[in-house]
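A.B. asks: give me a model of this one.
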Amino acid sequence: MAKRPEAAHVLAITFLYYKDLPRAFAFYRDVLGLKLAIDQGDLAKIMEIAPNAHVGLVDEARGMNNWQAEKCVQLCIRVADVDGWHAYLAAQGVAALSKIFVNDTIGIRAFVFRDPEGYQIEIQQATR
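C.D. replies: Down below sits the predicted model:
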């Protein structure tokens, strides 16, 4: 029986599918300030969120899955200054920006908004 490899994982990528890849790429690069880590040309742009944590933006016409109107995925980014991020994103006019909310049960202050094709993004800060 084959054994599971013992080597550590190298990278984590969550892929999201877009009808307009250039628009999504511009948003994640220019508005969120994520760095392009791996450029797969017209297929995908893999953006670094934090060391070893990435989001892959995929052209749905070329990728392994299809774009879906109803999104069932939320991208969560933990930050050190949730208030600063909220003010910045409000000034950028992001879609569906919520107020900052507190969840004492899980120890966060957070807010949500939508990217250009409707994926919900949560920005959160630990409170403990």
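A.B. asks: how about the residue nearest in space to the middle of the chain: what's its closest non-neighbour residue?
C.D. replies: With distances taken as Cα atoms, centre = their mean, L75 lies nearest the centre of the chain, 4.3 Å away. The spatial neighbour of L75 that comes closest, neighbours along the chain excluded (Cβ to Cβ, 6 or more residues apart in numbering), is I121 at 4.9 Å. Where C-beta positions appear, they are placed from N, C-alpha and C, glycine not excepted.
A.B. asks: what sits against the one you found?
C.D. replies: L32, Q74, L75, C76, I77, V112, F113, R114, D115 (Cβ atoms under 8 Å, 6 or more residues apart in numbering).
A.B. asks: distance check, it against I77.
C.D. replies: 7 Å (Cβ to Cβ, to the nearest Å).
A.B. asks: what's the answer for A61, then?
C.D. replies: 27 Å.
A.B. asks: rewinding a little: ramachandran coordinates for the residue nearest to L75?
C.D. replies: phi -120, psi 130 (degrees, to the nearest 10).
A.B. asks: for it, give the beta-bridge partners.
C.D. replies: L75, F113 (DSSP bridges).
A.B. asks: from P5, how far out is it?
C.D. replies: Taken as Cβ to Cβ, the span from I121 to P5 is 33 Å.
A.B. asks: what do you get for T105?
C.D. replies: Distance from T105 to P5, by Cβ to Cβ: 37 Å.
A.B. asks: and Q74, what's its pLDDT?
C.D. replies: Among the per-residue scores, Q74 holds a pLDDT of 97.
A.B. asks: not counting its neighbours along the chain, what's nearest it?
C.D. replies: Q120 (4.6 Å).
A.B. asks: am I right that that neighbour is in contact with K71?
C.D. replies: Yes - using Cβ atoms under 8 Å, Q120 is in contact with K71, at 6.5 Å.
A.B. asks: on that earlier part again, mind listing the shared neighbours of I121 and I77?
C.D. replies: L32.
A.B. asks: what about L57, which helix or strand?
C.D. replies: In the assignment (DSSP states H and E), L57 maps to strand 53-59.
A.B. asks: strand partners (parallel or antiparallel) of that strand?
C.D. replies: When DSSP bridges is applied, strand 53-59 pairs with strand 12-18 (parallel), strand 44-50 (antiparallel).
A.B. asks: cheers, nothing more for now.
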